[in-house]
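Asks: What follows is a predicted protein model with its sequence.
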Amino acid sequence: MSILRVAIDIPLPRLFDYSSDDALPEDVGRCVRVPFGSGEKIGVITALTLNSDQAADKIKPVREILRSLPTLPADWLALTKFCSHYYQYPLGAVMAMALPPHLRRGKTPRRRAPSSAATTPTRAQTPQPKLLPEQAGAVDTVAAKFGQYAAFLLHGITGSGKTEVYLRLIEKLLAQGRQALMLVPEIALTPQLEARVAGRFPDARVVSAHSGVADAVRARGFLDALEGHADILLGTRLAVFTPLPRLGLIVVDEEHDASFKQQEGLRYSARDVAVWRAHQLGIPILLGSATPSLETFYHARQDGGRYHLLELTQRAVAEAPPAVRCVDTRREKLQDGMSAVLLAAIEARLERAEQSLIFLNRRGYAPVLCCPACAWVSRCRRCAANLVVHLADQRLRCHHCGFETAIPKHCPECGNLDIHPFGRGTQRLEESLSARFPTARILRVDRDSASTPAKWQAILETIHGGRADILIGTQMLAKGHDFPILTLVGVVGADAALFAADFRAPERLFSQLMQVGGRSGRALLPGEVLIQTEYPAHPLYQALVTHDYARFATTQLAERRAAGFPPFTFQALLRAEATRLEDAVDFLKLAAKHARTIATEQISLYDPVPMRIQRIMTMERAQLLVESTNRPALQNFLAAWSDRLYTIKMARSLRWHLDVDPLEF
Amino acid sequence: MLTGKLLELAALRYTPAGIPALNFRIVHHSQQVEAGSPRLVECEMPALALGQTALLLAGAKPGDALRLTGFLAAKSLKSRTPVLHVNEIEFLEGIDHGI
């Protein structure tokens, strides 16, 4: 009889031992049905041993080893184990998250006859564009490292043809009979990329993995990948956990994108996990971006750094990068938030039948509804945030908890009927532009107008078909899209982000503006970017005007070094939330007390503080920051600390989690 | 209550809940008695009509004579200038001609 060590999806950082009469060493990695409490659970066998720490009479026999389900390979077990350790999250929960829902429940997805028919329309094999010398150089450099670990940063300006470099590398890799994993930040981008990849490799089996894929399809894709039938796996962050026995290259496109970091449950960074996985498997990884994260850029810049830097400085199709200009709005009386220069530029595009994009990263009509008579503002009753005015459907909505209510007829405090929306969102901009350009075809693109994939697809088709003249868009439109007749990007209301409390705010603003600016003039028409600002001399805008990411990044890195921020330190955040703020803070104080008993002098421990948005969904939130200049020291500390956190007696409503390498504060 | 002539009329707008609203100014001329002696009075008053009265007024032109009934309220918390909120509106067309 042998003992099986089983990982079960429960919120405790431990494994459970069960006995079995017929377990074999090759059952490690198999799913298993086990009795648990009064019920039953599905777990994964992580090891086979002969003795157990648990008392012999407490060890129950397994119900069934699920041998009809595929065995999870050893490298996958190692990957989940690493994530469990690094992110201080129970192994069973890591595995449950990494598995598609079908397998998690121990079900076999129905097999589909293997067919090469993809779900997206495949075009005939497109002719390959000629590579520029820099692109060819990048392809050769990476391909030379096939079969061994190497990390590359492909830093290419927008429109420089990064995707073409990926595709060429995948082509070379497929020729060697290996699999490629390509991670992209957003589901919204995958259908386009899917079509492009499928068009380029009509004979390859391309599998998509993202949360928009139906469960059964996802489970089949997972099995196809695991059994080596899939050649190219394309997906968002969760795809990084797909087992791929012949994996030969990982590509992370837009590696700086915050969506690679999961913000709940296992708070992993798919980019960082991908780098670890490449290292584990001894294969190259290519991180691509026009505006790399400062962490990645730092690694690529240091002498003898950990990443190799590959640069694409020329645009593949367009002649020149778009001309970026700041419009000083200090002296000007804006018309509905827009300057005369911007309005004239839009008008010129309308005359030439070209498209304009006005970028405003705030959906809704106005961020708040106020009563000018008594100063009432539309607060969310569950969050420390304002309810946003959505005029089109007559609702007030909280963008944090989803609460919504009808727009009140009069001020709830004093009865005044004449209440005003304050500030400007995309809907209001749409209204102003419609009034200003009554004959123009105006299309608003935000999460409200593109609420379903079908609507989003329809919007993209409208834009590509040239059936829209002025686009008003949030960050949804900022990434990855190629709109050939779009020649003007106007940026409205970017200044607020200059003064955000988060030290990463400038980095995010810069990359966002660079990305959105890159939408203009991608084809043969020259592009123009107008940024409305009250701070035209701000170094961030100046770096945008000169297209000088390196200068911006170098300045930012110097500031981060001086302030002791990442990448020069490593951070972890303990967050707690409870119905009463005192409960959350008390928990953190106890946690800090435990921390002081185990922290070495390499660990800096801060005080518990309420979070920036202190209340969300009636939960009061507070956080405690831990920092170290030494990552292993921080890891050792976190392992010891998190064990103790589970022992702290806490208020009933209290929830806590650790966020390692947090992106948001 | 205030009578006067319509001086200027803003565009008809709607509150977020869809109630019509109209800002306008009215100029008032009259003869009054002050401390026992008669005098001429002239003043201008910002006013606001909401709901049906706003729709009623939207067709008016500068120069139209009006009799307004309503109440005074501060323009906003910041600006304490009074604004006449109109409950009832009466067009006084033709009255002047008879004099």
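Replies: Thanks, I have the structure now.
Asks: ok, now which ones touch the nearest residue to A:Thr600 once chain neighbours are set aside?
Replies: The shortest distance from A:Thr600 to any non-neighbouring residue, by Cβ to Cβ, 6 or more residues apart in numbering or on different chains, is to A:Ala633 (6.2 Å). C-beta here means a position set from N, CA and C on the backbone, and glycine is covered the same way. Applying Cβ atoms under 8 Å, 6 or more residues apart in numbering or on different chains to A:Ala633 gives the contacts A:Thr600, A:Gln602, A:Ile603.
Asks: Can you give me the distance of A:Val206 to A:Ile59?
Replies: 45 Å (Cβ to Cβ, to the nearest Å).
Asks: Show me which of those two is the more surrounded one.
Replies: More crowded of A:Val206 and A:Ile59, by other Cβ atoms under 10 Å in any protein chain shown: A:Val206, with 25 against 15.
Asks: Beta-bridge partners for the more buried one, please?
Replies: A:Val206 has the following beta-bridge partners by DSSP bridges: A:Ile232.
Asks: so what's it up against?
Replies: Contacts of A:Val206 (Cβ under 8 Å, 6+ apart): A:Ala118, A:Glu194, A:Val197, A:Ala198, A:Ala230, A:Asp231, A:Ile232, A:Leu233, A:Leu234.
Asks: Against chain B, how distant is the second one?
Replies: Going back to what we said before, that points to A:Glu194. Per Cβ to the nearest Cβ, to the nearest Å, A:Glu194 is found 41 Å from chain B.
Asks: That residue is in what secondary structure piece?
Replies: helix A:190-200 (DSSP states H and E).
Asks: for that helix, what is the average pLDDT?
Replies: Averaged over helix A:190-200, pLDDT sits at 84.
Asks: counting contacts, what elements does that helix pack onto?
Replies: Applying 3 or more Cβ pairs under 8 Å, 6 or more residues apart in numbering or on different chains; DSSP states H and E, one finds that helix A:190-200 contacts helix A:162-175, strand A:206-209, strand A:232-235, helix A:453-464.
Asks: Now do the residue nearest to A:Thr600, the pLDDT please.
Replies: 97.
Asks: Output the host helix or strand of it as CSV - backbone C-alpha positions only.
Replies: Under the criterion of DSSP H and E, A:Ala633 resides in helix A:631-645. Presented in CSV, the C-alpha positions along helix A:631-645 are these (Å, rounded to 0.1, in the frame of the first residue of the first chain):
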residue,chain,number,x,y,z
ARG,A,631,14.5,38.8,-3.7
PRO,A,632,15.5,35.5,-2.0
ALA,A,633,15.4,37.1,1.4
LEU,A,634,12.0,38.4,0.7
GLN,A,635,10.9,35.0,-0.5
ASN,A,636,12.2,33.3,2.6
PHE,A,637,10.5,35.8,4.8
LEU,A,638,7.2,35.5,2.9
ALA,A,639,7.1,31.7,3.2
ALA,A,640,7.6,31.9,7.0
TRP,A,641,5.2,34.8,7.4
SER,A,642,2.4,33.4,5.3
ASP,A,643,2.4,30.2,7.5
ARG,A,644,1.8,32.4,10.5
LEU,A,645,-0.8,34.5,8.8
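Asks: so the next helix or strand after it versus helix A:631-645, what angle?
Replies: On the C-terminal side of helix A:631-645, the closest following helix or strand by DSSP H and E is strand A:655-660. If you take axes from the mean of the first three to the mean of the last three Cα atoms, to 10 degrees, strand A:655-660 sits at 170 degrees to helix A:631-645.
Asks: Point out the other helices and strands that strand A:655-660 packs with.
Replies: Partner elements for strand A:655-660 (3+ Cβ pairs under 8 Å, 6+ apart): strand A:570-578, helix A:631-645.
Asks: picking up where we left off before, A:Pro185: which of the helices and strands packed on helix A:190-200 is closest?
Replies: With Cβ to Cβ as the measure, strand A:232-235 is the member of the helices and strands packed on helix A:190-200 nearest A:Pro185 (10.7 Å).
Asks: Can you name the residues in contact with that closest one?
Replies: Residues contacting strand A:232-235 (Cβ under 8 Å, 6+ apart): A:170, A:174, A:179-184, A:190, A:193-194, A:197, A:201, A:204-210, A:221, A:225, A:239, A:242, A:244.
Asks: How far does it sit from its chain's centre?
Replies: 16 Å (Cα atoms, centre = their mean, to the nearest Å).
Asks: what do you get for stretch A:445-465?
Replies: The answer for stretch A:445-465 is 20 Å, by Cα atoms, centre = their mean.
Asks: about what we covered before: which of the helices and strands packed on strand A:655-660 is buried the deepest?
Replies: Of those, the one with the most neighbours on average (mean count of other Cβ atoms under 10 Å in any protein chain shown) is strand A:570-578, at a mean of 22.
Asks: need the residues of chain A near chain B, please.
Replies: By Cβ under 8 Å from any Cβ of the partner chain, the part of chain A that sits against chain B consists of A:365, A:369, A:372-375, A:389, A:391, A:394, A:407-410, A:416-421.
Asks: List the ones among the residues you listed that fall in strands.
Replies: Judged by DSSP state E, strands contain the following of the residues of chain A next to chain B: A:Leu369, A:Val389, A:His420, A:Pro421.
Asks: Out of these, who's the most crowded?
Replies: A:Val389 (28 neighbours).
Asks: what's the nearest residue to A:Arg362 if we skip its chain neighbours?
Replies: Spatial nearest neighbour of A:Arg362, excluding adjacent residues (Cβ to Cβ, 6+ apart): A:Gly425 at 4.6 Å.
Asks: quick one, which of the helices and strands packed on strand A:655-660 is nearest to A:Ala494?
Replies: Closest of the helices and strands packed on strand A:655-660 to A:Ala494 is strand A:570-578, at 26.8 Å (criterion: Cβ to Cβ).
Asks: Name the strands paired with the closest one and say parallel or antiparallel.
Replies: Within its sheet, strand A:570-578 is paired with strand A:619-628 (antiparallel), strand A:655-660 (antiparallel), according to DSSP bridges.
Asks: For chain B, what's the nearest residue on the stretch 301-450 of chain A?
Replies: Residue of the stretch 301-450 of chain A nearest chain B, by Cβ to the nearest Cβ: A:Pro372 (3.8 Å).
Asks: A:Leu417 is in contact with that residue, correct?
Replies: No: between A:Pro372 and A:Leu417 there is no contact under Cβ atoms under 8 Å: 11.5 Å.
Asks: all strands for chain B, in order.
Replies: B:2-9, B:13-14, B:20-34, B:37-50, B:65-74, B:82-91.
Asks: likewise the stretch 501-650 of chain A?
Replies: A:528-533, A:570-578, A:603-605, A:609-616, A:619-628 (DSSP state E, counting those that start in this stretch).
Asks: any chance of these in CSV, plus mean pLDDT?
Replies: Listed next are these as CSV, based on pLDDT from 0 to 100:
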stretch, mean pLDDT
strand A:528-533, 96
strand A:570-578, 97
strand A:603-605, 96
strand A:609-616, 95
strand A:619-628, 97
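Asks: Right, I'll call it a day here.
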